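1. Here is a sequence together with a model predicted from it:
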Amino acid sequence: PGPPEKPRAASIEPRKVEISALESPLDVQDIRAARKLGVGLALCAAGIAFVLAIFILFTGSLAILQDEFKVFPETIRYSIAKDPSLGDEHLYIDHAKLAGLHLSKGPKGPDEVTRQSSQDRLGYASCGVHYFGLPLDAVDYAMLSEVAYFDRKEDIVDILQFAFAGSSSKQDFAVRFPEDQIFPLKPSKVPRLVEVDFPKLNVSVITVRGTDIGRMADFVEDIKMYTEPVVMQLISMVFPTVRFLSDHTIALMIDWHSCALRYFGLESKATYATYLEQYAKSVRDRRVVLTGHSLGGGIARLVALRDGYPSVTFSPPGIKQSHRKFGDLVLPELHDSTVTIIADHDIISRIDAQVGLLQIISCETSGQAMLLSCHMLESTICELINRCGDERFSRCDFRFSFASVVQYAWGRLRPKDKSFATSAAMVLLMVCGLLLAFGPRDVL
């Protein structure tokens, strides 16, 4: 017999083992939920972009039509009433049927809030402060910002005479306009400016009108200036970690986004600011101070930071995170010679981040803040007078009512046949529009 055979090694056939990293049903559900969330966010972003595009198209078309046909409705009115027997004088301002201001001068009653001067009572830190070495306080600049909403020179003179009467240095003033804005001229693609020259003070205060609901070009300028900060704030609501980014990083991101828009032919710079800058440089032989409310305040502060003017602004959107898109602005220098007064609960002034000396004041109509009650300049004027005190005025009352706007619109749109079905349909459409625009809680 031959040699014994060597034992053969057991042959092991390789088996294909499918190893899945997701063996748990819970992990699969998490992935599906994440996909649904991603799709939802994408659809939400697409919806916001679509609504913004429609709004831009709508406002841009209306702005072109307004400029073509010169249709600019007046949205603010005033009246001055005098009572010689009591020595009272009253100023009434009605702003777009939405906000009302009642300012009284005369003998002060013992129970009136404004009886004491700013030196006799506690108030805001800015109470009684004269800015930049001039005898002009926050109430003076607020009244100067208010008159920018009027078109006629005689109206502006009447209101300023009411506000500055009794002051030898301030009651002597001259009102000027740019040549292309003298009434009845109403250009639509430039900001509304009013220059108030105080010869005894050797200073000109240039006040810029805020967003006028009767001028669609103002809404277009709002979109051009503040789209990127609003988008960043919306992103931070979905991804809260964005809030941990520094203002410098966010400014870089906004600047990149603005450059991308310019690459596709979408201008996102402030064209209103260029017009104000040119006019401010034309004022010579006297100091220049810029002021304004809302959009006007944002434009005034931007030009002031660019060219080194002092500014006092009311309820403007911020500029700290979007300063790079507006030119050669350096972050540390944004706090120079700028004073900003904003109302608590104001949603407009929460856009971007504020700079400079900031004074936050209370808002008595905070329950209607989503309807922009705290953003109205008339509310700021009354709050400053009532909390700080002012020897010129005995009383200041602010009224805000969105129902008055609805009543005014209903009076204009009321059908002639007055049938029950038509009236009910109109009321239903108005209510649905309010609910969609502001939500049921704010409307009700």
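-> Sure, I can see it. Keep in mind that this is a model prediction, so the values were computed, not measured. Numbering: from 1, shown residues only.

2. rest of the way, CA atoms for contacts and neighbours
-> Will do.

3. And the strands in the stretch 151-300 of the chain, which stretches?
-> Using DSSP state E, counting those that start in this stretch, the strands of the stretch 151-300 of the chain run over residues 174-176, 193-198, 203-208, 287-293.

4. outside of the third one, which residues touch it?
-> Spelled out, that is strand 203-208. Taking Cα atoms under 8 Å, 6 or more residues apart in numbering as the criterion, the residues outside strand 203-208 that touch it are 144-145, 148, 191-198, 280, 286-293, 296-297, 299-300.

5. Buried only: go through the residues you listed for me.
-> Among these, those classed as buried by neighbour count (16 or more other Cα atoms under 10 Å) are 144-145, 148, 191-198, 280, 288-293, 296-297, 299-300.

6. same question for the longest helix along the chain, mean pLDDT?
-> Longest helix in the chain, counting residues (DSSP state H): helix 25-69. The average pLDDT within helix 25-69 is 77.

7. how far does it sit from the chain's center?
-> Relative to the mean C-alpha coordinate of its chain, helix 25-69 is positioned 23 Å out (Cα atoms, centre = their mean, to the nearest Å).

8. Name the residues of whichever helix or strand comes after that helix that come out as buried.
-> Where DSSP states H and E defines the elements, the next helix or strand beyond helix 25-69 is strand 76-83. Using 16+ other Cα under 10 Å as the burial criterion, the residues of strand 76-83 that qualify are 76, 78.

9. So which other helices or strands are in contact with strand 76-83?
-> Other helices and strands packing on strand 76-83, by 3 or more Cα pairs under 8 Å, 6 or more residues apart in numbering; DSSP states H and E, are strand 88-95.

10. Any chance you could list what contacts the next helix-or-strand element following the strand it packs on?
-> Using DSSP H and E, the next helix or strand after strand 88-95 towards the C-terminus is strand 99-105. With contacts defined as Cα under 8 Å, 6+ apart, strand 99-105 is touched by 88-94, 373, 376, 378-379, 382, 392-401.

11. mean confidence score for strand 99-105?
-> Averaging pLDDT along strand 99-105 yields 92.

12. Pull up the pairing partners for it, direction included.
-> Partner strands and pairing direction for strand 99-105 (DSSP bridges) are strand 88-95 (antiparallel), strand 395-400 (antiparallel).

13. So, low pLDDT: which residues of the stretch 101-250 of the chain?
-> 108-122, 183-186, 188 (pLDDT under 70).

14. in it, which spans are helices?
-> Counting by DSSP state H, counting those that start in this stretch, the stretch 101-250 of the chain forms helices over residues 138-146, 153-164, 216-238, 247-263, given from the N-terminal end onward.

15. As JSON lines, those helices with distance to residue 306 would be great.
-> Shown next, in JSON lines, are the helices of the stretch 101-250 of the chain (distance: least, Cα to Cα, whole Å):
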{"stretch": "helix 138-146", "distance to residue 306": "20"}
{"stretch": "helix 153-164", "distance to residue 306": "28"}
{"stretch": "helix 216-238", "distance to residue 306": "15"}
{"stretch": "helix 247-263", "distance to residue 306": "17"}
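
16. Which one, of those, ends up nearest to residue 58?
-> helix 216-238 (9.1 Å; Cα to Cα).

17. Contacts for the closest one, please.
-> With contact meaning Cα under 8 Å, 6+ apart, helix 216-238 is reached by 56, 59-60, 62-63, 66, 188-189, 191, 211-212, 242-243, 254, 257-258, 267-272, 295, 321-322, 351-352.
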